[in-house]
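*Asks:* Just to be clear, the model below is a prediction. Sequence and coordinates:
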Amino acid sequence: MDVKNAFLHGDLKEDIYMTPPPGLFSTPSGDVCKLKRSLYGLKQAPRAWFDKFRSTLLGFSFVQIQYDSSLFLCKTSKGIVILLVYVDDIVITGTDYALISQLQDYLQRCFHMKDLGSLQYFLGLEVYSSSTGIFLTQHKYIRELIALAGLQDGRSVDTPLEVNVKYRHDEGDLISDPSLYRQLVGSLNYLTITRPDISFAVQQVSQFMQAPRHLHLAAVRRIVRYLKGTSSRGLFFPANSPIRLIAYSNADWTGCSDTRRSVTGWCMFLGTSLVSWKSKKQDRASKSSTESEYRAMSSPCSEIVWLRGLLGELGFPQKGSTPLHADNTSAIQIAANLVFHERTKHIEVDCHSIRESYDAQVISLPHIPTDLQIADVFTKALSKNRHHFLVDKLMLVDQPTSI
């Protein structure tokens, strides 16, 4: 559903005055109008609209999810209804179809709503659903991105980045007009919503936004050429996937040529469905590969705590600890055994929160062989065979024929 003129529904809590719009009516010089409702352009408008929408839903027996303030939930004897709001775009799903119909009628009475039917397109995401599962893609968005880069006739490549190529801030000649580079990188960042296979590559080229060089632009064009050959690819969420959270964590020690900082990569699966991932350069230089792996494990640990809380509120509490797979045995021992404190006494306190989660049995730390470490695709450029092997593990596939 879509809300028409959403911000105009908000109630203002502050006294706000404005000069009369030209041609509205004649007023003495110096007179002003007092606003009774919010207008587009006010800093308060988004908050006022959300407060109005939130209070309306709470009055309809919905509760706001603590772990995600844009998510609302209502449980009945017949099932469950979930509502997600993003500014003025609303997605409703659930198993109590009678309540969904009542909710639609209620919202249309309270606001000016447009019912867009079954979810097929949302914020640039194309959604295909069937009895076998849900498929998310940004195929149309990719075609527009290829046109923006001027590579409609370009040759596709098998991997997003070349192997063993390191990019530096001061290498090569500066681009005279960096606007195209910034447009492409910004678009690629949004594309990572459904294309985790380019997350590391986009993380690399995002570091040069301030002063991009021709070598960096060539790397961006390679990413687009890779997308050209895989434009129909997207994330598939099987309907029969178990509701069991599994995580993988990895790091590339001193992966950044300029700062010698490491790159953190992790991903989370709900059964066989990929639900969360990240590729990010660490904010500190690590003295050893063990330290960089330990730092990398701390970041997904926070995500696990959040996801477990969110799943619990939705009615899917996790039984037992969540496995966080890592391939560095020394880092696992440091997280699980305080005897090793001498190696980590200089590491920030927040990184040690992983020990508390481990002691509380929120997570477990099973070792995984390096060749099976799925998070490897988020930390470095890989060869063609290795890249394709790990991408298959991410449930990143071409659109299934059954959908």
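*Replies:* Yes, it's here. As the structure is a prediction and not an experimental result, all values here were calculated from the model.

*Asks:* State the helix or strand in which Gly234 lies.
*Replies:* Remark: Gly234 resides in strand 233-238, with elements defined by DSSP states H and E.

*Asks:* For the next helix or strand after that strand, output the C-alpha coordinates as PDB.
*Replies:* Scanning forward in sequence from strand 233-238 by DSSP H and E, the next helix or strand is strand 245-252. Output of strand 245-252 as PDB, limited to C-alpha atoms (Å, rounded to 0.1, in the frame of the first residue of the first chain):
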ATOM      1  CA  LEU A 245      20.200 -18.900  12.500                       C
ATOM      2  CA  ILE A 246      23.800 -19.700  11.300                       C
ATOM      3  CA  ALA A 247      26.700 -17.300  10.900                       C
ATOM      4  CA  TYR A 248      30.100 -17.200   9.200                       C
ATOM      5  CA  SER A 249      32.900 -14.700   9.900                       C
ATOM      6  CA  ASN A 250      36.300 -14.100   8.200                       C
ATOM      7  CA  ALA A 251      39.000 -11.400   7.800                       C
ATOM      8  CA  ASP A 252      41.700 -10.500   5.300                       C
END
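
*Asks:* for the record, mean pLDDT for strand 245-252?
*Replies:* Average pLDDT, strand 245-252: 95.

*Asks:* other SSEs contacting it?
*Replies:* Counting contacts by 3 or more C-beta pairs under 8 Å, 6 or more residues apart in numbering; DSSP states H and E, strand 245-252 packs against strand 263-270, helix 289-313, strand 322-325. In this view, the C-beta of every residue, glycine as well, is placed from N, C-alpha and C.

*Asks:* just these: most buried one?
*Replies:* strand 263-270 (a mean of 25; mean count of other C-beta atoms under 10 Å).

*Asks:* give me the number of residues near Gln203?
*Replies:* Neighbours of Gln203 under the rule other C-beta atoms under 10 Å: 21.

*Asks:* Can you tell me the element it falls in?
*Replies:* helix 199-205.

*Asks:* gap between that helix and the chain center?
*Replies:* 14 Å (C-alpha atoms, centre = their mean, to the nearest Å).

*Asks:* got it, and stretch 147-165?
*Replies:* Using C-alpha atoms, centre = their mean, the offset of stretch 147-165 from its chain centre is 23 Å.

*Asks:* One more: stretch 153-171?
*Replies:* With C-alpha atoms, centre = their mean, you get 24 Å for stretch 153-171.

*Asks:* swap in stretch 94-111?
*Replies:* 28 Å.

*Asks:* What lies in contact with the helix holding Gln203?
*Replies:* Applying C-beta atoms under 8 Å, 6 or more residues apart in numbering, the external contacts of helix 199-205 come out as 160-161, 167, 185, 188-189, 191-192, 216, 219-220, 223, 226, 263, 265, 277-281, 377-381.

*Asks:* Let's see which of the residues you listed end up in helices.
*Replies:* Val185, Leu188, Asn189, Leu191, His216, Ala219, Val220, Ile223, Tyr226 (DSSP state H).

*Asks:* Show the pLDDT at the fourth one.
*Replies:* This means Leu191. So, for Leu191, pLDDT stands at 96.

*Asks:* burial count for the closest residue to it other than its chain neighbours?
*Replies:* Closest residue to Leu191 apart from its sequence neighbours, by C-beta to C-beta, 6 or more residues apart in numbering: Gln138 at 5.8 Å. Other residues near Gln138 come to 25 when the count uses other C-beta under 10 Å.

*Asks:* Same question for Val163.
*Replies:* 12.
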